[in-house]
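J.: coords please:
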Amino acid sequence: MFDKDKAESYINKLLNHYKIKVVSWSKTDCGRAWINSKEVKIPKPTNLMRFCIGLHEIGHIVEDATKSKMKLYQSEYKAEQFAIREAKSLGFDTTEYEKNARGYVTMCIAKGYVRKLNLDKIEPHIKDFCGIDFETWRVKKVFVSNWRKELNIEIKN
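T.: So this is what the prediction gives:
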């Protein structure tokens, strides 16, 4: 069961510990992180999904993806892993969030693939996390949609 007070307290603890400023509280289930200025726009943690989205954005700053020149899918994977790990450490069941996270990382890989991402360069642990046979994507157009509900991948010649 989700404990809103526990989640809010933990978000505030992370924000204070890492000296991250909330620029605004998102009214939707979306967030944004500005790594260099250590600022985030996150939803209030009123449910598990919104809590994990906040953790994800904080994860971008904590993991500081800009210094290592990561690709988008790598940065998003790292932020998702941070969110999942932190939520689990508090005893929350992240099953549903992980499903969304896999869809989101898969969508980021699809974006990269359209822009000539070499599928052979995707790290095995990220491929495993997504649970997708990326070999079926070769020399084809790939469209990923509805990643927040039921992941839909359309592959065309």
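
J.: going forward, measure contacts and count neighbours with C-alpha atoms only.
T.: Will do.

J.: Please name the nearest non-neighbouring residue to residue 49.
T.: Of all residues not flanking residue 49 in the chain, residue 97 sits nearest, at 6.2 Å (CA to CA, 6 or more residues apart in numbering).

J.: Next, count neighbours for that neighbour.
T.: 21 (other CA atoms under 10 Å).

J.: That one against residue 47, yeah?
T.: No. Counting by CA atoms under 8 Å, residue 97 stays clear of residue 47, with 11.1 Å between them.

J.: Name all residues that make contact with the spatially most central residue of the chain.
T.: For the chain, residue 80 is the residue whose C-alpha lies nearest the centre (CA atoms, centre = their mean; 3.7 Å). Neighbouring residues of residue 80 by CA atoms under 8 Å, 6 or more residues apart in numbering: 56, 59, 101.

J.: ok, back up a step: which SSE is the residue nearest to residue 49 in?
T.: Here residue 97 sits within helix 95-114, counting by DSSP states H and E.

J.: How about the contacts made by the nearest residue to residue 108 once chain neighbours are set aside?
T.: Computed as CA to CA, 6+ apart, the closest residue to residue 108 that is not its neighbour in sequence is residue 73, at 5.0 Å. Residue 73 is in contact with 105, 106, 108, 109, 112, counting by CA under 8 Å, 6+ apart.
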